[in-house]
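> just the structure for this:
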Amino acid sequence: MVFEFIFSTQSKSHARIFDKFLQYHATLKNLKFSHCFDLTKTPSEYIFLLDASTQDALDFADDIAKRLPLSIHFRFLEFKISECILDKPQKKSHKQPEFLDALETKEILDKNSSKFCNLFDWVKNIQFLGKQITQPSDLQKAFKQIILKLKNNQSVLIKTSRGIKEISLSQKSLDVMFWDLCNALTYTRLQNLESQVLASYEKPSMLLCPKEVFAPLLLKNKDTFEIRAMLAYDIVLSLLGIFALEAEMGYVFVKNSSSKEFDLSYEHHKLPKMSEIVVSQEGFLIYKKIDKKSKNIFDVIAQHFDDDNSSLPKNIQKNTPSIIHHQKLIIFLSKTHPSGIWVKQGKEYKSLLPIVFENNPKLILQKIENHYDGGEKLLKNFCNHFEDIFRSIQSLPDASMESKNLIDIFSSAAFVLGYQKQFISNNTCILNHAKKFVRDKGPRIDFKLIKENDCLKLDYPKVLRSAMSFLIAGLDEATLSYGFVDSLAEFLGKFALDTSINFGIKNALICGDMLTQKVFLDKMLHYFPKSIHLALPKEGYVDYD
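Below you'll find the model as predicted:
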């Protein structure tokens, strides 16, 4: 009888090492096997076919369930009887897997196991202070000396599987390595799905906000809001962590080093490269790294739709031909590149909402005063409450500062609200303050559309006007900043819904490095219409260089 073990995977390359793992364990049990990929599904599926009796298939399933590590790229979906016939089984594979499996890892990390610290089949050339280590007992002594050095506020240099690292208890840095998941959950606002990703075989890093009580311990200074958290990512660091936990040490600060001398060095089996990941509340993963091949917005789009190499987007015309289902909505929101909201049909692009606005806070306030009902009264009230801020705004030059980036409105708002002393474009101040907010809904900032010269546009001064009103009312920076992000996401969600109704659009792509801001990603996914099939950026193509 033939059985199918079905896994979801992002690509063949991601599945390769796990394919070898399955082949090896099928060979150990003297079972015939084959495999195939189904690339028509999203994500792709990897199918491992096993020719075996029912009992042998169940034993194999039980064995790999114990041994296969949790992976973000290779997840078990289903085990079922196959309708296929295994005509041409593959050759047996006696080559060992490229990684320590979950069962072997558990035994090496278990202090009560005879295999505790016995990692020499997997880790070679271990040296501590220049001396070769070949016995588990010597390795344990080395770990104890390292922990003692850390407790004495000395830094330790380790040549790890991911390069040379300097670890310390006292020298604060952005990167913080927790010795176990329990401590990561204790010190940070880590959500359940994030914890699963952090603990996966790939051991990525992610930006996390410390809990307020622990912020002084973990943050470098009062101007930082997040740490880049990771867990011990190889078996040597995991073992070191056991001794650290016994010494009541939950974490260490980590920095890259170029030193040629190390306290501890070793040659580890190959591990996935470190990647920084954002995990949404719904479990979607956004990779922050941008591929070198991603040079413009069309490179990004081409990774998700196969009919690109297009000319620049055109403004939408009157009497636009009606609408067919292969049209797609594209929303591009980047902190550094011009924003775009387009309908794509084939190789043609039509701009739905032109993004061009005045971003000089001084000129925006002048427009509020002269062209909006109650604007003059609002400005007078604002000046009475925040004389220093108003004086700073008036000291800006009179020159226009036109922007084509929707996110630049965060910069002008941060300056007007007094969250930054100097007006700086591409400022993340509001995003950072929003991360401190611990509830799930903020005040409504007026993101409204107006019609001007027969064309829809966002009423940018009205956005700032409503934010100023909330500031005068005494709203704190975390609540008001979260309201800004929440309201923008809600506006875009409603705009997408209207577009899907008016244009019959069933598919959409949201991209741009704003999605690497978890506070925005979560709200965007919350408000985006569930009736639209949403594509999120593939690895390496969230934005472009």
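
> any idea how far Val438 lies from Arg189?
Separation of Val438 from Arg189 (Cβ to Cβ, to the nearest Å) stands at 8 Å. For the C-beta atoms, the positions are set from N, CA and C on the backbone; glycine is no exception.

> neighbour-wise, which of the two wins?
For Val438 against Arg189, the residue with the higher neighbour count under other Cβ atoms under 10 Å is Arg189, and the figures read 15 against 11.

> nearest spatial neighbour of the more buried one, skipping sequence neighbours?
Taking Cβ to Cβ, 6 or more residues apart in numbering, and ignoring the residues beside it in sequence, Arg189 has Cys209 as its nearest neighbour in space, at 5.0 Å.

> dump the residue contacts of that neighbour.
With contact taken as Cβ atoms under 8 Å, 6 or more residues apart in numbering, Cys209 is in contact with 188-189, 225-226, 435-436.

> so the residue lying closest to Ile81 once chain neighbours are set aside, which of the three states?
In space, and not counting its chain neighbours, Ile81 is closest to Phe3: 6.0 Å by Cβ to Cβ, 6+ apart. Phe3 carries the three-state label strand when classified by DSSP: H, G, I helix; E, B strand; the rest coil.

> what's the answer for Phe484, then?
Using three-state DSSP, the structure places Phe484 in helix.

> quick one: contacts for it?
The neighbourhood of Phe484, defined by Cβ under 8 Å, 6+ apart, consists of 410, 413, 430, 434, 442, 445, 467.

> could you rerun that using 10 Å?
Each residue near Phe484 by Cβ atoms under 10 Å, 6 or more residues apart in numbering is listed here: 409-410, 413-414, 417, 430-431, 433-434, 442-443, 445, 447, 463, 466-467, 470.

> what's the answer for Asp440, then?
Neighbour list for Asp440: 281, 482, 486, 522-523, 526 [criterion: Cβ under 10 Å, 6+ apart].

> where does it land on pLDDT?
Asp440 is assigned 89 on the pLDDT scale.

> over to Lys347?
Looking at Lys347, its pLDDT is 87.

> next, it: phi, psi?
Here the main-chain torsion angles of Lys347 (degrees, to the nearest 10) amount to phi -100, psi 0.

> and the residue lying closest to Arg162 once chain neighbours are set aside, how far from Ala496?
Sequence neighbours aside, Met274 is the residue nearest to Arg162 in space, at 5.5 Å (criterion: Cβ to Cβ, 6+ apart). From Met274 over to Ala496 the distance is 34 Å, taken as Cβ to Cβ.

> of these two, which one has the most company?
Ala496 (24 against 17).

> circling back: can you give me the distance of the residue nearest to Arg189 to Val542?
21 Å.

> quick revisit: give me the pLDDT value at the residue nearest to Arg189.
pLDDT for Cys209: 97.

> just the buried members of the contacts of Phe484?
Among those, those classed as buried by neighbour count (16 or more other Cβ atoms under 10 Å) are 409-410, 413-414, 417, 430-431, 433-434, 442-443, 445, 447, 463, 466-467, 470.

> doesn't Phe76 lie inside a strand?
Yes: for Phe76, which was evaluated using three-state DSSP, the result is membership in a strand.
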